[in-house]
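> what follows is a predicted structure for the sequence shown.
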Amino acid sequence: MSGRPDVGAPGTGVFVVAGRSLDPATGEAAFTYRLGDDEFTERLTLDPVLLGGEVDADRLDAALDLVHLVMGTSYYKLAAPGRVVVERPVTAAQLAVAQAAYTDGLGEFAAVNRLPVPHRVAFDAEVRPAGPVPPAGTRGALLPVGGGKDSALALVVVPDGTALAINPTGAQRDVARAAGVPLVEVRRRLDPLLAGRTAQGGLNGHVPVTAINSAIAALVAVLGGHSPVVFANERSADEETLTVEGVSVNHQYSKSHAFERLFTAAAAELGTGYFSLTRQLSELATVAAVAALPLRTDILSCNRSYTQRHVGGQAEQRWCLHCDKCLFTFLVFAVFLTPAEAEEVFGGNPLADPSLADGFRRLWATEKPFDCVGERAESAAAMAHLAASRSWGEAPVVRLLGAEAAAAAEVTGATVAGFLPPRGEHGIPPRYLESLQRVLAGARSAVD
Ligand SMILES: CC(=O)N[C@H]1[C@@H](OP(=O)(O)OP(=O)(O)OC[C@H]2O[C@@H](n3ccc(=O)[nH]c3=O)[C@H](O)[C@@H]2O)O[C@H](CO)[C@@H](O)[C@@H]1O[C@H](C)C(=O)N[C@@H](C)C(=O)N[C@@H](CCC(=O)O)C(=O)O
Ligand SMILES: Nc1ncnc2c1ncn2[C@@H]1O[C@H](COP(=O)(O)OP(=O)(O)OP(=O)(O)O)[C@@H](O)[C@H]1O
């Protein structure tokens, strides 16, 4: 490709996970990588509340190694050489997390860039034995918050926890404040050379951001003495976005249960529990619960509101009401809210705009949007439910799509009611499961 940066042709060369450091006085951590002739350093600024405590050096080293490994996906993707050299020894559990992050975690990236799927990556790393399991942190749960509905529910279920915002925006701070939960902040700064190389023709695409957030959360848990780390990754994150020649490609891979299992093993080596509180919940079940909470007006799920330019809370954040995630989120909330309530939460009503019908229809298409949307069947069931309701049946988009959504839902027998009971495997400890069940008991019923 003419004008390509000197990071090598796709599939050639090697990516090196090189040096890393943490300055305990300033909370500045630096993670360095090499690709071709280029060197990249990503920096974290840790919240001052995390500094100055007693931390076991081996645990801290292991936590920094885990961050270093998965955060490299952003730079690796410029050329996707298929080979990663790791300079420091890692445990087998850490290597398994890294392998998952660079292969399935970069599945969407590979598909979008028409690279072979699955994206196979060979690791050249010395595997060291894991140390003795350290005692668990005693300062309670750490709850990463994205600002949207899922983590808002987690904050309500675990009100004695501490929230964590990575690259905090105003929306994340608002939701933590509304829940009355203290917030710890970590700032990520991508190496500016990444944007430069991308602009010069380096490959670009989605990175497994939940894997990166999980590793940063584990580091924060070690520094702050927290355990467990409680994510809010829903059941629908397990559904593939599309299939390429029989291989599943999942935008949300690092939110999947398969990834959770791998990460749980690596976090355990740090003395940190790790699980998803909403693993058994459909999006409809989560939203039924969130719709009953005063917090519902504080959430913001629109991903367009979480780009780098929103970090720090400078730029205005609101629902765009046009992107796939907004359309999906509005659709599932509409099942539990009247039109007036929905407009209050979202500041508009995309079901009133027939030009958005194709966007809604894509939510149950064979190729779902590359975004964080629910299962095809639950989107179809939600639209079919609205079509049969008095509250929403006359909305222009519902009139256009109701019959075809009902037909799509009928194929699998999907109904809103069928999506509400929790189901499937999970790693939620009993105490948290009981709290979740108490909050779910107050969930709203679907509107008529
Ligand atoms: C906010 C967002 O959705 N961004 C995705 C978008 O990137 P865009 O260029 O529109 O904006 P920025 O996020 O500001 O990125 C600027 C460039 O930097 C690269 N980059 C960013 C973050 C990072 O960790 N590494 C990076 O290399 C990025 O590639 C841009 O060149 O499109 C990108 C390409 O498809 C997506 O990768 C961006 O997604 C972010 C990494 C992100 O944080 N997305 C989450 C909102 C998200 O998708 N969450 C999913 C979880 C899925 C998972 O775990 O993988 C969810 O909500 O379910
Ligand atoms: N910037 C972030 N800092 C900390 N945790 C995050 C961040 N972004 C996402 N997460 C966490 O990652 C998980 C998946 O993110 P996701 O965006 O699906 O959740 P959400 O923001 O809670 O809800 P929604 O799906 O409505 O956006 C959640 O547990 C979320 O809290």
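Alright, I've got the coordinates. Ligands and ions are numbered 1, 2, ... in the order given.
> isn't Asp65 right up against Ala93?
No: Asp65 is beyond contact range of Ala93, at 11.1 Å (criterion: CB atoms under 8 Å). Glycine gets a C-beta too; all of them are placed from N, C-alpha and C.
> so how far is stretch 42-53 off the chain centroid?
Distance, stretch centre to chain centre, for stretch 42-53: 22 Å (CA atoms, centre = their mean, to the nearest Å).
> ok, and the helix or strand in the chain with the lowest average confidence?
None of the helices or strands of the chain scores lower by mean pLDDT, DSSP states H and E than strand 242-244, at a mean of 90.
> who does the helix or strand that that strand is followed by pair up with?
If you walk from strand 242-244 toward the C-terminus, the next helix or strand you reach (DSSP states H and E) is strand 247-249. The pairing partners recorded for strand 247-249 under DSSP bridges are strand 242-244 (antiparallel).
> contacts for the partner strand?
The list of residues contacting strand 242-244 from outside it, by CB atoms under 8 Å, 6 or more residues apart in numbering, reads 111, 117, 249, 366-368.
> can you give me how far the least confident helix or strand of the chain is from the chain middle?
Relative to its chain's centre, strand 242-244 lies at 20 Å (CA atoms, centre = their mean).
> surely Ala29 is in a strand?
Yes: if the criterion is DSSP: H, G, I helix; E, B strand; the rest coil, then Ala29 is within a strand.
> how about the contacts made by Tyr75?
Neighbouring residues of Tyr75 by CB under 8 Å, 6+ apart: 15, 33, 35, 40, 42, 191, 194.
> repeat the analysis, applying 6 Å as the threshold.
33, 35, 40 (CB atoms under 6 Å, 6 or more residues apart in numbering).
> helices along the stretch 301-448 of the chain, start to end?
Using DSSP state H, counting those that start in this stretch, the helices found in the stretch 301-448 of the chain span residues 324-334, 339-346, 357-361, 376-387, 396-412, 416-419, 430-441.
> low-confidence regions, the stretch 201-350 of the chain specifically.
Applying pLDDT under 70 to the stretch 201-350 of the chain flags residues 313-315.
> enumerate the residues of the stretch 251-400 of the chain near ligand 1.
When proximity is defined as CB under 6 Å from any ligand atom, the stretch 251-400 of the chain approaches ligand 1 at 251-252, 254-255, 303, 306-308, 372.
> compare those and tell me which is most surrounded.
Looking at those with neighbours defined as other CB atoms under 10 Å, the largest count falls to Ser254 at 29 neighbours.
> beta partners of the closest residue to Thr366 other than its chain neighbours?
Counting by CB to CB, 6 or more residues apart in numbering, the nearest residue to Thr366 once its immediate chain neighbours are dropped is Leu242, at 7.4 Å. As for beta bridges, Leu242 partners with Val249 under DSSP bridges.
> residues near Leu242, how many?
Using other CB under 10 Å, Leu242 has 19 neighbouring residues.
> ok, it to ligand 2 distance?
Leu242 sits 19 Å away from ligand 2, going by CB to the nearest ligand atom, to the nearest Å.
> also Glu185?
Distance, Glu185 to ligand 2, by CB to the nearest ligand atom: 9 Å.
> list the contacts of that residue.
With contacts defined as CB under 6 Å, 6+ apart, the neighbours of Glu185 are 47, 165, 168.
> a markdown table for those, including neighbour count, distance to Ala221 and secondary structure?
What follows is these, written out as a markdown table (neighbours: other CB atoms under 10 Å; distance: CB to CB, whole Å; DSSP: H, G, I helix; E, B strand; the rest coil):
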| residue | neighbour count | distance to Ala221 | secondary structure |
| --- | --- | --- | --- |
| Asp47 | 18 | 13 | coil |
| Ala165 | 24 | 15 | strand |
| Pro168 | 23 | 17 | coil |
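> quick check: of the contacts of Tyr75, which lies closest to ligand 1?
Phe40 (10.3 Å; CB to the nearest ligand atom).
> what's the nearest residue to the closest one if we skip its chain neighbours?
For Phe40, ignoring the flanking residues on the chain, the nearest one in space by CB to CB, 6+ apart is Asp191 at 4.1 Å.
> need the contact list for the one you found.
Asp191 makes contacts with 40-42, as judged by CB under 6 Å, 6+ apart.
> report the separation between Leu300 and Phe346.
According to CB to CB, to the nearest Å, Leu300 and Phe346 sit 10 Å apart.
> up against ligand 2, what does the stretch 1-150 of the chain have?
In this structure, the stretch 1-150 of the chain approaches ligand 2 at residues 144-150, judged by CB under 6 Å from any ligand atom.
> residues in contact with the residue nearest the centre of the chain?
Closest to where the C-alpha atoms of the chain average out (CA atoms, centre = their mean) is Thr210, at 4.1 Å. With contacts taken as CB under 6 Å, 6+ apart, Thr210 has the following neighbours: 254-255.
> strands of the stretch 251-400 of the chain, start to end?
Secondary structure of the stretch 251-400 of the chain (DSSP state E, counting those that start in this stretch): strands located at 274-276.
> report how many residues lie close to the closest residue to ligand 2 within it.
Nearest to ligand 2 in the stretch 251-400 of the chain, going by CB to the nearest ligand atom, is Ser301, at a distance of 3.1 Å. Using other CB under 10 Å, the number of residues around Ser301 comes to 24.
> next one: Gly402
The number of residues near Gly402, taken as other CB under 10 Å, comes to 20.
> the residue lying closest to it once chain neighbours are set aside and Glu239, how far apart?
Using CB to CB, 6+ apart and skipping the chain neighbours, the partner closest in space to Gly402 is Ala387 (2.6 Å). Taking CB to CB as the measure, Ala387 falls 23 Å from Glu239.
> one more: Gln99?
Spatial separation of Gln99 from Glu239 under the definition CB to CB is 22 Å.
> okay, helices next: where are they in the stretch 151-300 of the chain?
In the stretch 151-300 of the chain, helices defined by DSSP H, counting those that start in this stretch lie at 170-179, 192-199, 209-224, 257-268, 283-290, listed in chain order.
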